[in-house]
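Trainee: need a structure here:
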Amino acid sequence: MTAITRFEDIQAWQTARQLTNLVYGLTNQTGFNRDFGLKDQIRRAVVSVMSNIAEGFESRTDSQFINFLGMARASAGETRSQLYIALDQGYITEERFKEAFALAEKCARQIAKFIAYLEANPRPRRVSEETAEYDTDV
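Mentor: Model (predicted):
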């Protein structure tokens, strides 16, 4: 696996970003945009995917990172569930549903594979305060 130096380099985060943009576009459509509860909930869920990946990456240990990745994967599942509601209520077409659902599934699979990689290649600490050098006078 190529070294990842920023959360923006993580494929699952990139997919989550695509999914977020798609969901925001769908929720801006007439009808969907008036269902404030569903619109807000699906937006919170999809933003949570991106945010948890980023927050986990910035955490101190791989163990914490894995926990955040698990939450991100759960939010991808929540997004998929809410897409069914949007479809059933006629807010989105079957075609748009399939597009968003496939992207959410892809993101969840990427997260699951990343978790498996981190678990198979444990590193107890990613940050060592004892050896870190930084200027506090900035």
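Trainee: just the helices in this structure please.
Mentor: Counting by DSSP state H, the chain has helices at residues 11-27, 36-57, 62-88, 94-120.
Trainee: excluding its backbone neighbours, what's nearest the residue nearest in space to the middle of the chain?
Mentor: In the chain, the residue lying closest to the centroid (CA atoms, centre = their mean) is residue 49, at 2.2 Å. Of all residues not flanking residue 49 in the chain, residue 16 sits nearest, at 4.2 Å (CB to CB, 6 or more residues apart in numbering). Bear in mind the C-beta positions are built from the backbone N, C-alpha and C, glycine included.
Trainee: I figured that neighbour hits residue 72, correct?
Mentor: Yes - taking CB atoms under 8 Å as the definition, residue 16 is a contact partner of residue 72 at 7.2 Å.
Trainee: roughly how far apart are the residue nearest to the centre of the chain and residue 20?
Mentor: Noted for residue 49: a distance of 7 Å to residue 20, by CB to CB, to the nearest Å.
Trainee: Kindly report the same for residue 115.
Mentor: 20 Å.
Trainee: tally of neighbours for the residue nearest to residue 123 when sequence neighbours are not counted?
Mentor: Ranked by CB to CB, 6+ apart and with sequence neighbours excluded, the top spatial neighbour of residue 123 is residue 62, at 5.4 Å. Residues lying near residue 62 (other CB atoms under 10 Å) number 19.
Trainee: All set now, cheers.
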